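Enquirer: Give me coordinates for this.
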Amino acid sequence: MNVDQRLLRLARQPYADKHTQSIWMQIYDRLGEAVESGLLPEGSRLPGEDDLASMFGVTRVTLRRALSLLQHEGRLVSRKGVGVFVRSISVRYEVRETEAFNMALNGADSRMDALSLVRKPASADAAEALGLKSGEEVTEVRFIQHAQSTPYYYAVKEFPVSVMPEFARDYEKTGSILGAYAAAGIESYLRTETRITGDFATEEEADLLHISRQAPVLRSRSVNEDNTGRAIEYNRGCWPMLSVELVFNNKTPFA
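Expert: Presented below is the predicted three-dimensional model:
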């Protein structure tokens, strides 16, 4: 059974009294349940707006309200000039003290691309986390990570120039952060703090992650130290909330 046939079965179900629940909310519920149950597979393309409205026997305005909320939640994603798709990839990270987020990916073919690499004064948050004075410089690298061609993680990393003055050269030469660490004499590191918060996507994040503006996201802030206790990296990350599961692997007993 293809996607159109599955949607047609959903659309043919009788609506409840609209005074009990609005029609667009009933469509939202049906499509949302179909996404969560796998009835509509990850990555599948929905029919065009006219066809979908016809299936459900509603106007495009009514249909758009349901689709807009699903896109806002991140369960559907609209690609300009292409159509509306079921959000692809549910990524699981095992967050460990000694592994970068991108090193802990399970079950998906992953690629991380650097969007920019610049030397600049540290952000206020990074300066505080890294113990830098106001105006001290960092090498800032912005990354986007894909799984099976779907962008799902955007990160901004700041590395203190005082610790790794040739980070840009070493990163470009080795092609990895761990390679740049090693070139600077840092053989191991420890993630000393990770904070996770919920938020909504900015315009830039939405464009990079192919989600709707103001869609819910998870934000992470973490600090890495070398084996001497020296802070070497401040990381800010962003994921579409409904596309990732974070598993914290921590065997340290409670006091």
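Enquirer: pLDDT score for residue 219?
Expert: pLDDT, residue 219: 95.
Enquirer: and it, what does it touch?
Expert: 196, 197, 198, 199, 236, 237, 238 (CB atoms under 8 Å, 6 or more residues apart in numbering). C-beta here means a position set from N, CA and C on the backbone, and glycine is covered the same way.
Enquirer: What's the separation between the last one and residue 192?
Expert: Just to be clear, that refers to residue 238. As for residue 238, its distance to residue 192 is 21 Å (criterion: CB to CB, to the nearest Å).
Enquirer: what are the ranges of the strands in the stretch 101-250 of the chain?
Expert: 105-106, 110-121, 137-147, 150-160, 189-200, 216-226, 231-240, 244-248 (DSSP state E, counting those that start in this stretch).
Enquirer: could I get those strands as TSV with distance to residue 10?
Expert: Below are the strands of the stretch 101-250 of the chain laid out as TSV (distance: least, CB to CB, whole Å):
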stretch	distance to residue 10
strand 105-106	32
strand 110-121	33
strand 137-147	28
strand 150-160	24
strand 189-200	29
strand 216-226	24
strand 231-240	24
strand 244-248	27
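Enquirer: wait, which of the ones you listed is closest to residue 18?
Expert: Of all those, it is strand 216-226 that lies closest to residue 18, at 27.8 Å by CB to CB.
Enquirer: what's the angle from the closest one to strand 189-200?
Expert: Angle, strand 216-226 to strand 189-200, by axes from the mean of the first three to the mean of the last three CA atoms, to 10 degrees: 160 degrees.
Enquirer: what's the distance between strand 216-226 and the middle of its chain?
Expert: Centre-to-centre, strand 216-226 and its host chain are 12 Å apart (CA atoms, centre = their mean, to the nearest Å).
Enquirer: if you count what's nearby, which of residue 238 and residue 192 comes out ahead?
Expert: Neighbours were counted for residue 238 and for residue 192 using other CB atoms under 10 Å; residue 238 has more, 21 against 13.
Enquirer: Lowest mean pLDDT among the helices and strands of this structure, which one is it?
Expert: When the helices and strands of the chain are scored by mean pLDDT, DSSP states H and E, strand 105-106 comes last with a mean of 50.
Enquirer: one step back: looking at the contacts of residue 219, which one is closest to residue 77?
Expert: Nearest to residue 77, judged by CB to CB, of these is residue 238 at 15.3 Å.
Enquirer: if you skip the residues just before and after it, what's nearest to the closest one?
Expert: residue 154 (4.7 Å; CB to CB, 6 or more residues apart in numbering).
Enquirer: Which pLDDT value belongs to that neighbour?
Expert: pLDDT for residue 154: 96.
Enquirer: and what of residue 178?
Expert: At residue 178, pLDDT is 92.
Enquirer: re the thing from before, surely the residue nearest to residue 238 is in contact with residue 237?
Expert: Yes: the pair residue 154 / residue 237 is scored as a contact, 7.0 Å apart, by CB atoms under 8 Å.
Enquirer: Next, find the distance separating the residue nearest to residue 238 from residue 248.
Expert: 21 Å.
Enquirer: and those two? which has more neighbours close in?
Expert: Legend: neighbour count by other CB under 10 Å for residue 154 and residue 248, higher for residue 154 (23 against 11).
Enquirer: and that one, what does it touch?
Expert: Counting by CB under 8 Å, 6+ apart, residue 154 touches 142, 143, 144, 145, 205, 208, 209, 237, 238, 239.
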